[in-house]
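K.L.:
have a look; sequence and predicted model below, questions after that.
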Amino acid sequence: MVMANPSLRLLLQSIFILFFFFFLLPCLSSSWSCPEYQKQALLQFKSSILAIDSSLHTFDSWNSSSSCCLWDKVACSSPSNSNSNSNSTSTSTSTSSVVIELHLSNLSSQLMPSNLLAPLFFIRSLRVLDISQNSINGQIPALGFGNLSNLVHLDLSWNEFNGSIPPQLFQLRHLQYLDLGSNKLQGGLSPRVGSLQGLRMLNLSSNRLSGELPEEIGNLTKLQQLSLSSNKFSNAIPSSILYLGELEEIDLSNNALSMEIPTHIGNLSTLSSLSLGNNKLTGGIPASMQKLNKLNSLDLEGNMLTGEIPFWLFDFKELQELYLGGNSLTWNNNMKVVPKCSLFGLSLRSCGLRGEIPEWISTQKSLLVLDLSKNQLHGPFPQWVLFQRLSSDLPNYYPPLLSPITIFLGSCRRIGDAKFLSILMLDGNNFSGPIPQSISQLPLLQLLDLSRNRLSGNIFPVFDPQMSMGYADFSSNQFSGEVPTTFPTAIEILALGGNKFSGALPLNLKKLRNLERLELQDNNISGELPDSLLQISHLRVLNLRNNSLQGSIPKTLSNLQNLRILDLSSNNLTGEIPIEFVNNLTGMIEAPPNATSQTPDFAVAISFFSSKIFRTEFAVNELIVNWKKSKQGLSSHNIDMYFLLDLSNNQLSSEIPASLCTLKALKMLNLSYNKLSGKIPALLSNLKNVEGLDLSHNKLSGPIPIAFTKLQQLTTLDVSNNKLTGRIPIGGQINTMADPNFYANNSGLCGFQIRVPCPEDLPPTPKLQEDDNKEEPWILMETVGIGYAIGFLLTIGIIFLAGYFNPSPPPNSRRHRRHHPQRLIRQRI
């Protein structure tokens, strides 16, 4: 009856509202308000961030008029549990809350100094601090983190922290989760890490840590996840790792670990993922691994393991990933395998497989990754793709996390219903014949490498333009006909070199607008460079070496402003090097700040309806270029470090444009074997990063610029077979280039490098005075006359004394002898 009265009901509602706002709400607000000093610390942190990146809206809810417990990215304790966690200098009571969690990941991409974290170190009640995926650089603040003694969860991953790991982090005795991955930390891993005995997750991957792994790591007996991958750790895996009885995942891949895999590693019975790939491990696969019944993923790839691949590996029912390639392991081709597992990824690269692909692979219907490359498999291309049938249980597929690199994988003869195949490779085998058209019916195919086989044919599969394929390598086969263009528009790396393709470059190459790397070297391609090629604006690598291209270099080639490697060598290009072409190659003008770091591998990620994420990464084949007088493979890991322009072995003429000096990022410039004339531009000395400069076999004249001594990175300079004159410069790196062959057939050059002295280096010839020169003939005549007279007199005197000269007797003497002959006779008697 009372409630039926509308006026009374309205009165009661009004009283309740007033009571709520004036009594209950203030009580609730006070109980959920954070201490003032914590609010001020967070506002100071906000101010520091906005001073660097004022465009952020992440902190819009952070203001002085509201409790920080109500702010985004902040979590507070309940009032009853706050007092013990509050700062000792705090005035908070048991009826107030304190900040215990800060989730500050991915705030900004702007580079930020590590000292902006200083205000956070006053909030000593923090239990969870996540500042991952920012661009914070500098050393990790040691003393600051040492103050946060209540931390349970600390995530500093994906930043730019450098220096060593501060020992104060190992004093956080409550810590259970520590992620320092993907930074630039250096030094070793301190034995003090063993003091974190409550730790359950430790991630130090993708840093620059080195040295031995400490035995004290065995003290982390509660550890469940250990990731130390992609560092420089060396020597043996510590035997104390066997003490980690609760370990579920261990990743030590991509280091320099050596010795054998611990013999009793099978005692880690809870292990589900073991990744030791890309180290220097030796020996065989330990037999104790048979006890790892929960093993889901095993990666031993890229080591120096030996012995036969054990058949019991295929008895693990939970096994989904098995990577054994790149070792000295051998496959028993007579072994009959009946797998009990359903694999997502399999690598048996270079494991000695012969003949046809093993029959048991056809039972693997969920394969995403298959690597059987570098074996002795033969026969026609697998026809199993003709029978592909997609079903409703396809996974949710995320496009690959593309980077300018890709993958190595294998292939198979028949895989039945391999509906999920995303990575397919046949490289380094002896497969022959054409590629079946049905390969284009694999909608999830991401990475296809069929290089280095004997595949042939002049008709390529027509792929769906909407496919997400990012990488295709058909190089070093026997394909012929026109250059194929029937690839998905998403493709980023296309390698067609080392075949027999002919004709002009197709105009519809421009539809492959996402291409970053195009390799067409070592074919029979003719005609001129088409303008359509210049519309692929993302192109970073263009290799057309050793074809029959004609005409001039188009000025519009400069539209490819992202080019870093351009190889047009060994063609029939004519005319001059266009100035406009050089001026706009902005990709070669200045190296980006991250050009010295390694590029991440090509990655594929697939999410299933069960929310399980499968992710795999691989490295792509090397790019082969002429580098410093020889062919060299540029690693896919750091291809962005190289900037190359090769126009050698053509018919280019006229002078070398001085505008080449603007390409300051160049590491290699090759203009050899052309008809270039004129002087060498002194401005080429502005190429501060150039390591190789080849100007040989041209018609260049004049001196070698003295300014070349400023090229501090130069290791190879070849100016042979020109018409150069003058002294070879002295100083800098040129002093180290004393091979005479690099200066040969320049008749006018001199210098210590070729052991030919310059005229100005010869000792001067003494000169007589002018007056002496005038008297010289008279002096000579007088000397000769006196000499003859003295000589004549001396000769007569000698003859006289020797008795060879007697004077004639007087006449009376001769008569006297005639009248007294008897007297003479008598005297003789």
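P.N.:
Okay, I see it.
K.L.:
and the helix or strand hosting residue 542, what's its mean pLDDT?
P.N.:
Using DSSP states H and E, the element containing residue 542 is strand 541-543. Regarding strand 541-543, the rounded mean pLDDT is 95.
K.L.:
give the buried residues for it.
P.N.:
541, 542, 543 (16 or more other CB atoms under 10 Å). In this view, the C-beta of every residue, glycine as well, is placed from N, C-alpha and C.
K.L.:
now these in a markdown table, with distance to residue 641?
P.N.:
Below are those laid out as a markdown table (distance: CB to CB, whole Å):
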| residue | distance to residue 641 |
| --- | --- |
| 541 | 13 |
| 542 | 18 |
| 543 | 17 |
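K.L.:
about what we covered before: next secondary structure after the strand holding residue 542?
P.N.:
Downstream of strand 541-543, the next assigned helix or strand under DSSP H and E is strand 548-549.
K.L.:
show me what that next one is in contact with.
P.N.:
524, 525, 526, 527, 528, 529, 568, 571, 572, 573 (CB atoms under 8 Å, 6 or more residues apart in numbering).
K.L.:
just the buried ones from those?
P.N.:
If we count by 16+ other CB under 10 Å, those have these buried: 525, 529, 568, 571, 573.
K.L.:
list the contacts for the spatially closest residue to the last one that is not a sequence neighbour?
P.N.:
It refers to residue 573. Spatial nearest neighbour of residue 573, excluding adjacent residues (CB to CB, 6 or more residues apart in numbering): residue 650 at 4.2 Å. By CB under 8 Å, 6+ apart, the contact list for residue 650 reads 568, 569, 570, 571, 572, 573, 574, 673, 674.
K.L.:
picking up where we left off before, report the two of the buried ones among the contacts of strand 548-549 separated the most.
P.N.:
525 and 573 (12.5 Å; CB to CB).
K.L.:
now do the helices in the stretch 51-200 of the chain.
P.N.:
142-147 (DSSP state H, counting those that start in this stretch).
K.L.:
where along it do the strands fall?
P.N.:
Taking DSSP state E, counting those that start in this stretch, the strands of the stretch 51-200 of the chain run over residues 74-76, 99-103, 112-113, 128-130, 136-139, 153-155, 160-163, 177-179, 184-187.
K.L.:
can you tell me the centre-most residue of the chain?
P.N.:
residue 638 (1.2 Å; CA atoms, centre = their mean).
K.L.:
which residues of this protein score low on pLDDT?
P.N.:
1-32, 80-95, 382-419, 592-619, 628, 637, 765-829 (pLDDT under 70).
K.L.:
contact partners for residue 201?
P.N.:
So residue 201 contacts 176, 177, 178, 179, 223, 224, 225 (CB under 8 Å, 6+ apart).
K.L.:
and the helices in the stretch 451-600 of the chain?
P.N.:
Under DSSP H, counting those that start in this stretch, the stretch 451-600 of the chain gives helices at 579-583.
K.L.:
my guess is residue 75 meets residue 97, correct?
P.N.:
No. In this structure residue 75 lies outside contact range of residue 97 using CB atoms under 8 Å: 9.5 Å.
K.L.:
tell me, what's touching the two both at once?
P.N.:
residue 69.
K.L.:
give me the more crowded residue out of the two.
P.N.:
Each of residue 75 and residue 97 has its neighbours counted (other CB atoms under 10 Å); residue 97 has more, 27 against 14.
K.L.:
does the more buried one touch residue 74 like I think?
P.N.:
No. Taking contacts as CB under 8 Å, residue 97 lies outside contact range of residue 74: 10.5 Å.
K.L.:
between those two, which contacts overlap?
P.N.:
Counting by CB under 8 Å, 6+ apart, the contacts common to residue 97 and residue 74 are residue 34.
K.L.:
now residue 220: how far from residue 154?
P.N.:
Distance, residue 220 to residue 154, by CB to CB, to the nearest Å: 15 Å.
K.L.:
please apply the same query to residue 44.
P.N.:
Taking CB to CB, one finds residue 44 at 21 Å from residue 154.
K.L.:
of these two, which one has the most company?
P.N.:
residue 154 (23 against 15).
K.L.:
ok, what's across the strand from the more buried one?
P.N.:
Note on residue 154: beta-bridge partners residue 129, residue 178, judged by DSSP bridges.
K.L.:
so it makes contact with residue 174?
P.N.:
No. The criterion here is CB under 8 Å, and residue 154 misses it with residue 174 at 10.3 Å.
K.L.:
does the spatially closest residue to residue 313 that is not a sequence neighbour count as helix, strand or coil?
P.N.:
Nearest non-adjacent residue to residue 313, counting by CB to CB, 6+ apart: residue 322, 6.4 Å away. The three-state label given to residue 322 by DSSP: H, G, I helix; E, B strand; the rest coil is strand.
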